[in-house]
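In: take a look and give me a structure for this.
(one chain, ligands or ions: 1)
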Amino acid sequence: MLADVRYWEKIAQKNHFAIPHFNVWNVEMLEGVMDACEQENSPVIISFGTGFIHNTIFEEYAGMMVSMAKHSSLPVITHWDHGRSFDIVKNGYDYGMNSVMRDASQLSFEENVAETKKVVEYFHPLNVGVEAELGHVADPNKYEKAMENYKYTDPSIAKKFVDQTHCDSLAVAIGQVHGVYTSKPSLNFDVLEKVSNVVSVPLVLHGASGIPDDQVSKAVSMGICKVNIHTDLGIAAMKAFNKHRDQLYLEVQKYVREGIKDEAVHKIHVLGSQSKAELKLDNY
Ligand SMILES: [Zn+2]
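Out: The predicted structure is shown next:
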């Protein structure tokens, strides 16, 4: 069933697990992650973003995302990831995403507040949760290079940001980057703890592929309620593809779906979201 991201992030926060957010942009990915969540009885966020528009026509693909969400017995949230403008986010909503992220993290604090606020004011009356980002999760790059000018989430302004924007969840930059890590990443738990102490909304970890499982689990225990995963699904898909590449594509596709499923199951266990689909929240 289609579910409310705000409700589920609160359940995750209260029960100390994180909801998996899987970026999906083809049938294998969508079916693979849904197979995993059905098997593990996990709530899930299936998500699309601008980075995939050269692979897949979102406006067509969204129909399948929404249909699978509605037909599933699990709580499923459809999400637009990293919306770089109001119009992009609105387009995501118009085609069935019931949760959005407005990412204005590359702008100044004031501009980020203004942009996020605009999206919150538009979407809250529509019952759509809004995620924002403070600090900036670096883009794919050499890890050491990305860390030289890394924009960590500043704990001293995090509360002000949430209070002024009324965002429902906050993506933090704590030493992680998007894409493939070129050396072993290490999360800055000191920053996470400080942000977690001053902000009451659920926190979000982007760029989680490639971060050692123990670090991700620790981040979840410290207040991360949603974890974004894309790259590791792609790596699992390529492993399956390469292993079975001599067979017909018709068969290879099934192995790819299975490979993605197995990786998603692993992530679900790292985040502790297995067997959580029936949880309820009192007084919501
Ligand atoms: Zn991200």
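
In: tell me the spacing between residue 4 and residue 62.
Out: 18 Å (CB to CB, to the nearest Å). All C-beta atoms are positioned from the backbone trio N, CA, C, and that covers glycine.

In: between these two, which has more neighbouring residues?
Out: residue 62 (20 against 17; other CB atoms under 10 Å).

In: excluding covalently adjacent residues, which one is nearest to that one?
Out: Setting aside the residues directly before and after it, residue 62 is nearest to residue 95 in space (CB to CB, 6 or more residues apart in numbering), at 4.0 Å.

In: can the one helix or strand residue 170 maps to be found next to the ion?
Out: Residue 170 is part of strand 169-172, with elements assigned from DSSP states H and E. No: under the criterion of CB under 5 Å from the ion, the ion is not reached by strand 169-172; the shortest gap measures 7.0 Å.

In: same for that strand, what does it pack against?
Out: helix 5-15, strand 129-134, helix 155-165, helix 189-198, strand 203-205, strand 224-229 (3 or more CB pairs under 8 Å, 6 or more residues apart in numbering; DSSP states H and E).

In: give me the sheet partners of the last one and which way each runs.
Out: The sheet places strand 224-229 alongside strand 19-23 (parallel), strand 203-205 (parallel), with pairing taken from DSSP bridges.

In: now mean neighbour count and mean pLDDT too, for those strands, in CSV please.
Out: Below are those laid out as CSV (neighbours: other CB atoms under 10 Å; pLDDT from 0 to 100):
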stretch, mean neighbour count, mean pLDDT
strand 19-23, 26, 98
strand 203-205, 26, 98
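
In: those strands into JSON lines, with extra columns for distance to the ion?
Out: Below are the strands paired with strand 224-229 laid out as JSON lines (distance: least, CB to the ion, whole Å):
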{"stretch": "strand 19-23", "distance to the ion": "8"}
{"stretch": "strand 203-205", "distance to the ion": "9"}
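
In: can you redo those as JSON lines with distance to residue 237?
Out: Shown next, in JSON lines, are the strands paired with strand 224-229 (distance: least, CB to CB, whole Å):
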{"stretch": "strand 19-23", "distance to residue 237": "12"}
{"stretch": "strand 203-205", "distance to residue 237": "22"}
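
In: looking at these, which is closest to residue 196?
Out: strand 203-205 (6.4 Å; CB to CB).

In: how far does the closest one sit from its chain's centre?
Out: Remark: strand 203-205 is offset 8 Å from the chain centroid, using CA atoms, centre = their mean, to the nearest Å.

In: quick one: the helix or strand that that strand is followed by to helix 5-15, angle?
Out: Heading C-terminal from strand 203-205, the first helix or strand you meet, by DSSP H and E, is helix 213-221. Put simply, helix 213-221 runs at 100 degrees to helix 5-15, going by axes from the mean of the first three to the mean of the last three CA atoms, to 10 degrees.

In: now do helix 213-221: which elements does it pack against?
Out: Looks like helix 213-221 contacts helix 189-198, strand 224-229, helix 249-271 (3+ CB pairs under 8 Å, 6+ apart).

In: quick one, which of those is packed in tightest?
Out: strand 224-229 (a mean of 27; mean count of other CB atoms under 10 Å).

In: and the residue of the stretch 151-284 of the chain nearest the ion?
Out: residue 206 (3.3 Å; CB to the ion).

In: got a list of what that residue touches?
Out: For residue 206, the contact set (CB atoms under 8 Å, 6 or more residues apart in numbering) comprises 133, 137, 171, 176, 178, 228.

In: go again with 10 Å.
Out: By CB atoms under 10 Å, 6 or more residues apart in numbering, the contact set of residue 206 is 21, 81-82, 101, 103, 105, 131, 133, 137, 171-174, 176-178, 226-230.
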